[in-house]
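# Need coordinates for the following:
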Amino acid sequence: MITSTDYIARVKAYGQTDESYLQWHAQRFLLTKALFDQRHGQAGSCRILDIGAHWLHQSLLYALSGHSMIAADVGGVLNVQSVRDMAAEHDIALLQMGDLSAASVFDELEPDSIDFVLFTEILEHITFNPVGMWQAIHRVLKPGGKIIITTPNYYFWQSRAWGFGRFARRMGGGIPVHEIITEITYGHHWKEYSSREIVRYFDILPVSLYVDHMHYVSFNHAHRQRIPGFRSFCGRQLEQRIGFFRDSIYAEVAVYAAGD
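Numbering: from 1, shown residues only. Predicted coordinates:
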């Protein structure tokens, strides 16, 4: 398995990229890939659609393993020269998406042509009615294909779920005002989910998809190990022992077989 240091250096070698995002998320990319390999390592070379591929940080890892990658994004970042160079060297197809909420968003792709869809750290940013988007994903996914989802766990021990003091001070819920004003992001977390909510989400979605596998993971535990203090120490012990308090959820979503 490629180390975090080697991986970051490999990405930076192409030139312009979002280095702060890469540094913070490198461990998440590597751990998600390790989970994918653990569960699907015998699948051979697969055709994978990476939705929200951005700087190709994640697409690169799967391309290095011999998978055929389609990197999709809505922004102009896919036109950046360093991104195009990386894509060309690793045969990563670039797909400029239109309206992600439209059922036609992936009409450029053939039906039943994708083995896996990477939908990582996207669910919490969706602010529109998602039915059309999931219909589009369902259309291109092969029978037996899977959607790999990672998303923050609402019940993570450091999450806003435990902000009782803020509630008591009448400071509201959701994204705090200071984060909206001061933190640079690619869009705030409109909603963070519990594991039960994710199951419910796909149960009521009018598309033949269901949660096939799900468990809790700690993507940023290494970062938290560097935070001093008794509270941080107790929190780390809690998340190591009880999955419910870990920072993220890893889920795999499958297509219902005909007749189910």
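# how about the strands in this structure?
Here the chain has its strands, by DSSP state E, at 47-51, 68-73, 93-96, 114-120, 141-152, 209-217, 248-255.
# what would these look like in JSON lines with mean pLDDT, mean neighbour count and distance to residue 241?
For the C-beta atoms, the positions are set from N, CA and C on the backbone; glycine is no exception. Below are the strands of the chain laid out as JSON lines (pLDDT from 0 to 100; neighbours: other Cβ atoms under 10 Å; distance: least, Cβ to Cβ, whole Å):
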{"stretch": "strand 47-51", "mean pLDDT": "98", "mean neighbour count": "24", "distance to residue 241": "33"}
{"stretch": "strand 68-73", "mean pLDDT": "97", "mean neighbour count": "23", "distance to residue 241": "37"}
{"stretch": "strand 93-96", "mean pLDDT": "97", "mean neighbour count": "16", "distance to residue 241": "42"}
{"stretch": "strand 114-120", "mean pLDDT": "98", "mean neighbour count": "22", "distance to residue 241": "25"}
{"stretch": "strand 141-152", "mean pLDDT": "96", "mean neighbour count": "20", "distance to residue 241": "20"}
{"stretch": "strand 209-217", "mean pLDDT": "97", "mean neighbour count": "16", "distance to residue 241": "12"}
{"stretch": "strand 248-255", "mean pLDDT": "97", "mean neighbour count": "22", "distance to residue 241": "17"}
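# Please name the residues that touch the closest residue in space to residue 247 that isn't next to it in sequence.
Distance criterion Cβ to Cβ, 6 or more residues apart in numbering; nearest residue to residue 247, sequence neighbours excluded, is residue 156 at 4.5 Å. When contacts are counted by Cβ atoms under 8 Å, 6 or more residues apart in numbering, residue 156 touches 239, 245-248.
# Please enumerate the helices of the stretch 51-200 of the chain.
Assigned by DSSP state H, counting those that start in this stretch, the helices in the stretch 51-200 of the chain fall at 57-64, 81-89, 131-140, 164-168, 177-182, 195-204.
# Lowest mean pLDDT across those, which one is that?
Per-stretch mean pLDDT for the helices of the stretch 51-200 of the chain is lowest at helix 177-182 (a mean of 76).
# residues near the residue nearest to residue 18 when sequence neighbours are not counted, how many?
Excluding the flanking residues, the one nearest residue 18 by Cβ to Cβ, 6+ apart is residue 55, at 5.5 Å. When counting by other Cβ atoms under 10 Å, one arrives at 23 neighbours for residue 55.
# Repeat that for residue 128.
12.
# does it really touch residue 101, like I thought?
Yes - using Cβ atoms under 8 Å, residue 128 is in contact with residue 101, at 4.2 Å.
# I'd like the distance between the residue nearest to residue 115 when sequence neighbours are not counted and residue 16.
Nearest non-adjacent residue to residue 115, counting by Cβ to Cβ, 6+ apart: residue 46, 3.8 Å away. Computed as Cβ to Cβ, to the nearest Å, the residue 46 to residue 16 distance reads 29 Å.
# Please apply the same query to residue 126.
According to Cβ to Cβ, residue 126 stands 28 Å off from residue 16.
# Including distance to residue 160, could the contacts of residue 156 go into TSV?
Listed next are those as TSV, based on distance: Cβ to Cβ, whole Å:
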residue	distance to residue 160
239	16
245	14
246	16
247	13
248	15
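# closest to residue 176 among the residues you listed?
Checking the contacts of residue 156 against residue 176 by Cβ to Cβ gives residue 247 as the nearest, at 17.9 Å.
# burial count for that closest one?
Neighbourhood size, residue 247 [other Cβ under 10 Å]: 21.
# let's number from 770 now, not from 1
Yep, numbering from 770; the last one is residue 1016 now.
# Pull up the per-residue confidence for it.
pLDDT at residue 1016 comes out at 92.
# Hmm, it is touching residue 992, no?
No - using Cβ under 8 Å, residue 1016 makes no contact with residue 992, being 9.6 Å away.
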